[in-house]
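> Give me the fold of what follows.
(one chain, ligands or ions: 1)
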Amino acid sequence: MAQHAILSASSASRWMACPPCARLEQKFENRTSPYAAEGTLAHELGEINLKHSLGEINKRKLNSEIKKIESHELYTADMPDYVETYVNTCLEKVSEAKAKTKDALFKIEQRLDFSEWVPEGFGTGDFVIIADGTMEICDLKYGKGVPVSAIGNKQMRLYALGAIAEFGFLYDIENVKMTIIQPRLDSISTDEISADELIEWAEEFVKPTAQLAFNGEGEFCAGEHCGFCRAKTVCKARADKNLELAKYEFRTSDTLSDKDIADILGKAEELSKWAKDIQEYALDQALQGANYEGWKIVEGRSNRKYTDTEKVAEILLNNEYKEDKIYKPKELQGLTNMEKLVGKKKLTELVGEFIVKPPGKPVLVNEDDKRPVFNSAKADFQEVKEK
Ligand code: SF4
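From the prediction side, this is the model:
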C-alpha cells in the first residue's frame, strides 16, 4: 500500500499557506480518484520507455511491460502519444546533459527524501538529471483538469531539496531547474533557482512552517489553495472568508455600477465553488442520516426510458413506422473519445485535415489569465451567436 506523508509534497502549497490544514485533513477520508490511477498508469508507461531508451531494460522487457499496461482498464489509445511528449522532453535533456559532460547522472523514479526540512517528507522525482553543476527534475503531470506551472512550484522545490540531500554530497550542484510536462494541456514549463537560494528558502521558510504544520499549529488561512483540501467543506476559516466576501458595500445608487460588477465578479467564482462544495457535502451527509433543519431529501428529476430497445423497434417497425424515422442518425464520437480510441497521432495522420478548432465563445476572466485579450469582441461574438 502506498505510504502517505502528513506533509506531502503534492499538498505543499496548501500546508505552507495554511499550516494547521495538514492535521485537520487527517480527520477526513482520502478519496482516491480514477484520475490518480490513470496518472499512475501513464507514469509507468513513461518509466519503462525512459528505462528502455537509457538502456536499463531490453526490448523484450519493454514489450512485456507495455502489454501489461495496455491490458489495464484505464489504458486508452491516446496515452502513448501523450507519454511520448514527456519521454521525448526528458531525452532531449539527456542529449544536452551528455553534450556538457560524460559524467551526467540520470535517475528514473527516484525516491527523494526531504525530511531534513519537512518532518517525514519524501516523494518521487519522475526523472532527475545532474550534469555540469546543474540539477534538473522533470515531472509528468498527466491530469488535464488543472493547469500546473513549474514557476514557484512548491512541490517541485521540495523534490529538488530531496535531490540535493541525496546527491549533493557526490555532485557539485549550483543550479536547480524544475520542469513540469503536462502533455494533455500542451504545456511544458520550467523554473530555475540557485541551489543556495533554494536552501535558504528551505531553512528560513519551509523548516519552521513545516514544523508548525506537523504539530497542527499556526494560523488557518483560506485561499485558492483550499481547492483540494479534504477539510474544505466544513472548514470554518474558509466559511468565514467566503461569508466575508459575500458582504458587499454598495455605493449609493439604485443600480450597480461597472465598478460594483467588477468587484462582484472577483468574488463570485470563489463563492460559487464554496457553495457547490457545501451542497455536495450536505447531500452526501444527509444520505448517511444527517439532519439539516429546514431541509429534506427528495427524488430528483428523472427521464423516462425504454426497458427493451430492440423490442420497441420491432413493434414500431411492424406497425409501419419507417426505420430512418424511429432511429437517430449515426453520429461520430466526439474528438476526445475518438483520440482515446484511435490515438492522438494516428487520428491526426488519418483525418487531421478534417479537424479544425473554431474560435471559442468569449468568456470574462480575471486579467491575470494568460490568454490574450479577445479580438474584435463584438463582431466575433455576433458570429458565434449566429452559428
Ligand atoms: S479549507 Fe483552506 S483554510 Fe481550511 S484547512 Fe483547508 S486549506 Fe486551511
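> So Gly334 versus Val356, what's the distance?
Going from Gly334 to Val356 by CB to CB, to the nearest Å gives 14 Å. All C-beta atoms are positioned from the backbone trio N, CA, C, and that covers glycine.
> That should have said Leu335, apologies.
For Leu335 relative to Val356 (CB to CB), the value is 11 Å.
> The two: which is more packed in?
Neighbours around Leu335 and Val356, counted as other CB atoms under 10 Å, are more numerous at Leu335. The numbers are 12 against 5.
> Not counting sequence-adjacent ones, nearest residue to that one?
Leaving aside its sequence neighbours, Leu335 sits nearest to Ile355 (CB to CB, 6 or more residues apart in numbering; 6.9 Å).
> looking at it, the one you found is touching Thr348, isn't it?
Yes. Using CB atoms under 8 Å, Ile355 and Thr348 qualify as a contacting pair, with a distance of 7.4 Å.
> Between these two, which is the more surrounded one?
Of the pair Ile355 and Thr348, Thr348 is the one with more neighbours under other CB under 10 Å, namely 14 against 10.
> Next, the contact list for the more buried one, please.
Ile355 (CB atoms under 8 Å, 6 or more residues apart in numbering).
> per-residue pLDDT, it?
For Thr348, the model assigns a pLDDT of 94.
> I'd guess it is in a strand, am I close?
No. Assigned with DSSP: H, G, I helix; E, B strand; the rest coil, Thr348 falls outside any strand and is helix.
> what does the protein have sitting close to the ligand?
14, 18, 21, 24, 220-222, 225-226, 229, 231-232, 235, 237-238 (CB under 6 Å from any ligand atom).
> From these, list the buried ones, please.
Among the residues of the chain next to the ligand, those scoring as buried are 14, 18, 21, 24, 220-222, 225-226, 229, 231-232, 235, 237-238 (criterion: 16 or more other CB atoms under 10 Å).
> Torsion angles phi and psi at Ile35?
Check again: residue 35 is Tyr, not Ile. Tyr35 adopts backbone torsions of phi -70, psi -40, taken as degrees, to the nearest 10.
> Tell me the spacing between the closest residue to Ala5 other than its chain neighbours and Ala239.
Nearest residue to Ala5 in three dimensions, chain neighbours excluded: Glu120, at 5.1 Å (CB to CB, 6+ apart). According to CB to CB, Glu120 and Ala239 sit 30 Å apart.
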